[in-house]
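Asks: curious how this folds, go ahead:
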Amino acid sequence: MLPSSLSRRERQVMEIVFRCSSATVKDIRAAMPQPASYSAVRVIVNVLERKGHLKHVKNGRQYTYRPTIKKIKAVKAAVRSLVNTYFGDSLPRAVAAMIQIHSGDLSDDDVRELVRTIQASRERRS
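Replies: Numbering: from 1, shown residues only. Reported below is the predicted structural model:
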């Protein structure tokens, strides 16, 4: 549920909140490599909350933000969107592109794991 339409900063905030499970604006700023101002981060979390990606709980004077969905669901939606948008909804083309990009980094164990994953997928279909 993290569409590619999120801005770079919105994606960055979501990744931080996913990593921490929950976070305040102060926590988010502390985790940013190049922190935005406190008020800018507040605006971003408010936008993400309006879009339905975050929810908050009030703790005293501060809000603690949590994602509205589990990270794995967000990742699946993002990958689905990526495959659809850039590879014409073709999983083989998307996988081939990733393999080409990382061909120099793939160990023999990595290749065996990819083959096992494909074979397991075929067996589940049968």
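Asks: past the worst-scoring helix or strand of the chain on mean pLDDT, which element shows up next along the chain?
Replies: Between all helices and strands in the chain, the lowest mean by mean pLDDT, DSSP states H and E belongs to helix 71-87, at a mean of 89. Counting by DSSP states H and E, the next helix or strand C-terminal to helix 71-87 is helix 91-101.
Asks: pull out the buried positions in that next one.
Replies: residue 94 (16 or more other C-beta atoms under 10 Å). All C-beta spots, glycine's among them, are computed from the backbone N, C-alpha and C.
Asks: if you average the pLDDT over that helix, what comes out?
Replies: The pLDDT scores in helix 91-101 average 92.
Asks: can you tell me how far the residue nearest to residue 20 when sequence neighbours are not counted is from residue 35?
Replies: Nearest-residue entry for residue 20: residue 27, 6.2 Å, with adjacent residues in sequence omitted and distances by C-beta to C-beta, 6 or more residues apart in numbering. Note on residue 27: its distance to residue 35, by C-beta to C-beta, to the nearest Å, is 11 Å.
Asks: quick check: angle from the least confident helix or strand of the chain to helix 91-101?
Replies: 90 degrees (axes from the mean of the first three to the mean of the last three C-alpha atoms, to 10 degrees).
Asks: please state the offset of helix 71-87 from the chain centre?
Replies: Chain-centre distance of helix 71-87: 9 Å, with C-alpha atoms, centre = their mean, to the nearest Å.
Asks: stretch 13-22 too?
Replies: 10 Å.
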